[in-house]
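**Student:** From the sequence below, what's the structure:
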Amino acid sequence: MTRPAYILCGTPRTGSTLLCGLLTDHGLGAPHSFYRREDIADWPEGWGLPPRDTVGEPAFQRAYLAAAIAEGRGGTPVFGLRLMQETLPELSAILDTLFPGLPTDRARLERAFGRLAYLHISRGDKLAQAISLVRARQSGLWHRARDGTEIERTAPAKTPAYDYALLSATLANIEAQDAAWHRWFAAQDITPLSLSYEILVNNPAASLARICQALGQPAPDPATITPATARLSDAVNEDWAARFRQDARK
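**Tutor:** Numbers count the residues shown, from 1 in each chain. Sure thing, here's the model as predicted:
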């Protein structure tokens, strides 16, 4: 029997960290961004892999893939991988070296990870998404737990500053990445399960139930679903959105 597997396809600040936590908490794999450029150097040490310069690139990549699959299962029958659009070309190139001659990205991904369900999470309010991304980059704070403690910080605390040009460029980049996912799904003949950030944060049980149905897994009891992360948006986000729309009309 084929083990269930999925790729969570997204762009930054669409709730993918929240969703990955929920999936992990309820035995639906342990998805992470195993092939994110910034993280790919950190995983091998924790997995106990030999240094890549001692075994050669092909052997290292084979070992890395096997370890990523084991980690992405998290001791469950289900495998999960989070994949941002900007990481897709790099992952496809890696898999092409391991499985040469396959004609498409989809063929390479499914040769590596098995029969896949594709989950596409996006955010309807892309201006809010851009504001969230800019604030995270400026402040260094990316995620906070429900009790207020910081989960992920990448830089010392700094007060974010409104910047119309920066927001405009970030918004355009987010829109381009989301459009690129849609083009890729069409080119690969994939019909993804579409997930909404707005629905996820307001009704996580409904989002998990849809994913479980797609994977052929039992849905968790809604009473057991408690998101581990808290929303970071506040009055500052609302003020920036109003200022941006006003500046855009000028």
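**Student:** now the least confident helix or strand in the chain by mean pLDDT, how far from the chain's geometric center?
**Tutor:** Every helix and strand in the chain was compared by mean pLDDT, DSSP states H and E; the lowest is strand 229-230, with a mean of 84. Distance of strand 229-230 from its chain centroid, counting by Cα atoms, centre = their mean, to the nearest Å, is 16 Å.
**Student:** Ok, stretch 197-205 next?
**Tutor:** Computed by Cα atoms, centre = their mean, the separation of stretch 197-205 from the middle of its chain amounts to 16 Å.
**Student:** For it, buried residues please.
**Tutor:** Of the residues in stretch 197-205, Y197, L200, V201, P204 count as buried by neighbour count, 16 or more other Cβ atoms under 10 Å. Heads up, the C-betas are built off the backbone N, CA and C, glycines and all.
**Student:** likewise stretch 40-56?
**Tutor:** Buried residues in stretch 40-56, counted by 16+ other Cβ under 10 Å: I40, W43, P44, L49.
**Student:** now what about it, what contacts it?
**Tutor:** F34, F60, A63, Y64, A67, A68, E71 (Cβ atoms under 8 Å, 6 or more residues apart in numbering).
**Student:** What subset of those residues is buried?
**Tutor:** F34, F60, A63, Y64, A67, A68, E71.
**Student:** still on that earlier bit, what's the closest of the contacts of stretch 40-56 to W142?
**Tutor:** Among the contacts of stretch 40-56, F34 lies closest to W142 (Cβ to Cβ), at 18.1 Å.
**Student:** what helix or strand does the closest residue to that closest one other than its chain neighbours sit in?
**Tutor:** Counting by Cβ to Cβ, 6 or more residues apart in numbering, A68 is the residue found nearest to F34 once chain neighbours are left out, at 4.2 Å. A68 is part of helix 57-73, with elements assigned from DSSP states H and E.
**Student:** Show residues contacting the next helix or strand after that helix.
**Tutor:** Sequence-wise, the next helix or strand downstream of helix 57-73 (DSSP H and E) is strand 79-84. By Cβ under 8 Å, 6+ apart, the residues outside strand 79-84 that reach it are 3-12, 16, 20, 23-24, 28-36, 68-69, 72-73, 91, 113-114, 177.
**Student:** Just those: which are in strands?
**Tutor:** Counting by DSSP state E, the part of the contacts of strand 79-84 found in strands is A5, Y6, I7, L8, C9, G10.
**Student:** Do I have it right that the last one meets C20?
**Tutor:** So that's G10. No. G10 is beyond contact range of C20, at 9.8 Å (criterion: Cβ atoms under 8 Å).
**Student:** And these two? Which one has more around it.
**Tutor:** A count of neighbours by other Cβ atoms under 10 Å puts G10 above the other of G10 and C20, at 27 against 23.
**Student:** Now for the more buried one: which residues touch it?
**Tutor:** By Cβ under 8 Å, 6+ apart, the contact set of G10 is S16, R82, L83, M84, Q85, H120, I121, S122.
**Student:** ok, now how distant is it from R106?
**Tutor:** 17 Å (Cβ to Cβ, to the nearest Å).
**Student:** In terms of secondary structure, what does whichever strand or helix holds Y118 contact?
**Tutor:** If you go by DSSP H and E, Y118 is part of strand 117-122. Contacts defined by 3 or more Cβ pairs under 8 Å, 6 or more residues apart in numbering; DSSP states H and E place strand 117-122 against strand 5-10, helix 164-187, strand 193-196, helix 197-202, helix 204-215.
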